[in-house]
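**Q** model the following, please.
(2 chains)
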Amino acid sequence: MKKIISLFIFFLKTVFFSPVNNPAFYCLLLTACLLYFGGNLKKLETVFLFITSAVSIRFISSLKAVPTDFSDSSESLLSRCTNLLPVKKSYFISAYMISAAVYISVLVSFCLFFGINSQVPPDIKSICPTEMITDYNQKSGEISRYVGGIITIPDSLDQPEAVRYRIPINASLVFKYLTSDIIILKDDIPDSVLQSTGTDNRSPEEIFSGNVSEIPQEYVSDFLSDLPPIHTGRLLFISVFVFLFFMNDCINTCLTSRNRKKGRILFTGVNFIMYTVFISFCLFVAFDLILPQRKLILITEGIDQYGNIVSGICVMLFTSFVLKTMLFLKDLDRSHD
Amino acid sequence: MNNEIIICSKITKYYITLKALSDVSFTIKEGESVALVGANGSGKTTLFNIILGLLKPQEGICTVLGTDSRNIPPEIRAQTGFVSDSAGFLPWATTNEIAGLFSSLYPQWNRDKYLELIDFCRVDPYRRLNRLSKGQKRLAEIALAGSIQPKIMILDEPFNGLDAVMRIRIQNMLRGFQKQQGMTILYATHILSELSSVADRMIILRSGEIVYDDVIKNSDMSPGTVFEKYYSKDISG
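**A** Sure thing, here's the model as predicted:
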């Protein structure tokens, strides 16, 4: 217990006081994972592995074109997990929570992958001249910080090279990408860019279609203040999906153990809602990428912190999951070879 | 506690309106080997599920090692081995890997026993379960269940998919468990011709009711003949 509390405090400190882009952050997370999973939690790990496998099969089998016996083995496995293994219920609850967290992190990783491979459609023009990006990169030495800040607006400068950058590997960025309509790398825009040239009555399109250095700072501020940093609807969307995903598995467990009739009705209902939400979400993201809806990319400090926390947790869970599995399998090999 | 290890008292179980079990009562003593026989849908698996705590009966009570089966604590659970008639383990894991998982969950896990049984069953422990034949998979499950050295072993149609040689070997193995470890064995089977070599007692279920329950040696008739007698209407159609 003491170990868990100290780890929790350590984790909070790491998340709240370390910048996410700092490699030390990940090193610390890695160390924490090693400490945590190197402990005497073998029983939990075993249950966790069982549940994760069961949920994986269930998830795979719920996709089409999967042999029926695959689905059967999932039910049998869940049933075995919840009822036949000689462990306390608390282990199942813990393992289930970890499983849910792993699946959330997998979901985020999927989004990350989506983000890495997404390109701004060629018909969308950037207001950032390529040269400016290059100049800025030379100064900062951190291309990723600016690449994420590609500002896209229809009918702006014709600089297709600028928009063909890929979003860098950065979980927090992806999360911001999912949760924000408008993202600007506020801190990363050089002062010279934000220098005011006086009051301007032109429309945003007119201003942004010009040279980026002409953007008046007060205009940028006004523009930002009018727009919520986090798109509540989208965040809600993700939350609902994650909740349903978790619920789905919980109900499935109930289904295989007790009260099958009620469980089956609930499972079918939740499954239907879950996939509706998931498909809608995919369409939502797809349309978001295809259509030139996103006007400006903004990363405010608030979102940044939020993204850091979420991505930090996800990275930790995912790393720990991989580590745990590796260590566990290594242990198995040692005991039976 | 006396030596009655499983006590089922007036068990009734409905699936919505279908009566799967009706007023089923029996006891199994420690070290006994009991065969549960009956046609498909007669309630064998339902009864197993109630004993294992996977299902709750609407009426009646079932106790396993003195504990209500609806709320079996982990210590008692660890004393129960189960071989299901469906795939129950991680399909992509090897038998060795599952053995590793079990070793951390079952306090009485015996690694030497596992190695001995896996060798006896001639199962490749490094092959994934989904790569094994149905019979091999069943053997692997039996070996794993035997290695936890339970007090009670419940097997749902364990001889399905096994060839005659392996069936006899497994029957001998189960007899060995019973005699050497005093293990109580309860299994469902459709193979009546070999029943007397593995079971001391036979319970016949028909439409969710126990129609016969006696020690095999007490009867002049073979288990197959007894079964035919109680299922004569179904057999003649």
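**Q** distance between the longest helix along chain B and the chain's centre?
**A** Using DSSP state H, we find that the single longest helix of chain B is helix B:164-181. On the basis of C-alpha atoms, centre = their mean, to the nearest Å, helix B:164-181 sits 13 Å off its chain's mean C-alpha point.
**Q** quick one: residues in contact with that helix.
**A** Defining contact as C-beta atoms under 8 Å, 6 or more residues apart in numbering or on different chains, one finds that helix B:164-181 is touched by B:31, B:33, B:117, B:120-122, B:135, B:139, B:142, B:146, B:149, B:153, B:155, B:158-159, B:162, B:183-185, B:187, B:191, B:194, B:197-198. (Each C-beta comes from the backbone N, C-alpha and C, glycine too.)
**Q** what segments of chain B are strands?
**A** Using DSSP state E, the strands assigned to chain B run over residues B:4-15, B:18-29, B:33-38, B:59-64, B:67-68, B:80-83, B:152-156, B:184-188, B:201-206, B:209-215.
**Q** for residue B:37, what are its contacts?
**A** B:44, B:188, B:189, B:190, B:192, B:195, B:202, B:203, B:204, B:205, B:223, B:227 are the contacts of residue B:37 under C-beta under 8 Å, 6+ apart.
**Q** oh, that last question was meant for residue B:126, not what I typed.
**A** So residue B:126 contacts B:94, B:95, B:96 (C-beta under 8 Å, 6+ apart).
**Q** repeat that for 7 Å
**A** B:94, B:96 (C-beta atoms under 7 Å, 6 or more residues apart in numbering or on different chains).
**Q** for it, phi and psi?
**A** Per-residue torsions, residue B:126: phi -100, psi 0 (degrees, to the nearest 10).
**Q** tally of neighbours for residue B:225?
**A** When neighbours are defined as other C-beta atoms under 10 Å in any protein chain shown, residue B:225 has 11 of them.
**Q** how close does it get to residue B:6?
**A** Between residue B:225 and residue B:6 the computed distance is 27 Å (C-beta to C-beta, to the nearest Å).
**Q** tell me where the stretch 51-200 of chain A is predicted with low confidence.
**A** Along the stretch 51-200 of chain A, segments meeting pLDDT under 70 span A:51-83, A:90-200.
**Q** my error: substitute chain B in the last question.
**A** By pLDDT under 70, the weakly predicted segments of chain B are B:1-2, B:86-92, B:237.
**Q** repeat the analysis, applying 80 as the threshold.
**A** Scanning chain B for pLDDT under 80 picks out B:1-2, B:16-17, B:84-93, B:97, B:100-101, B:104, B:130, B:161, B:233, B:235-237.
**Q** for residue B:135, which non-adjacent residue is closest in space?
**A** The spatial neighbour of residue B:135 that comes closest, neighbours along the chain excluded (C-beta to C-beta, 6 or more residues apart in numbering or on different chains), is residue B:161 at 4.1 Å.
**Q** equivalent analysis for residue B:8, please.
**A** residue B:62 (4.6 Å).
**Q** I'd guessed the one you found sits against residue B:50; true?
**A** Yes - taking contacts as C-beta atoms under 7 Å, residue B:62 lies within contact range of residue B:50: 5.4 Å.
**Q** give me the common contacts of these two.
**A** Contact with both residue B:62 and residue B:50 is made by residues B:11, B:69, according to C-beta under 7 Å, 6+ apart.
**Q** contacts only, for the residue nearest to residue B:8.
**A** B:7, B:8, B:11, B:50, B:51, B:69.
**Q** quick one, what contacts the fourth one?
**A** When you say that, I think you mean residue B:50. Contacts for residue B:50 (C-beta under 7 Å, 6+ apart) come out as B:11, B:13, B:57, B:62, B:69.
**Q** so the residue in the stretch 51-200 of chain A positioned nearest to chain B, which of the three states?
**A** Distances between the stretch 51-200 of chain A and chain B by C-beta to the nearest C-beta are smallest at residue A:86, namely 3.6 Å. Per DSSP: H, G, I helix; E, B strand; the rest coil, the local secondary structure of residue A:86 is coil.
**Q** can you give me the separation between the residue nearest to residue B:135 and residue B:176?
**A** As judged by C-beta to C-beta, residue B:161 and residue B:176 stand 21 Å apart.
**Q** just the buried ones from the contacts of residue B:50?
**A** B:11, B:13, B:57, B:62, B:69 (16 or more other C-beta atoms under 10 Å in any protein chain shown).
**Q** that's all I had, so thanks and see you.
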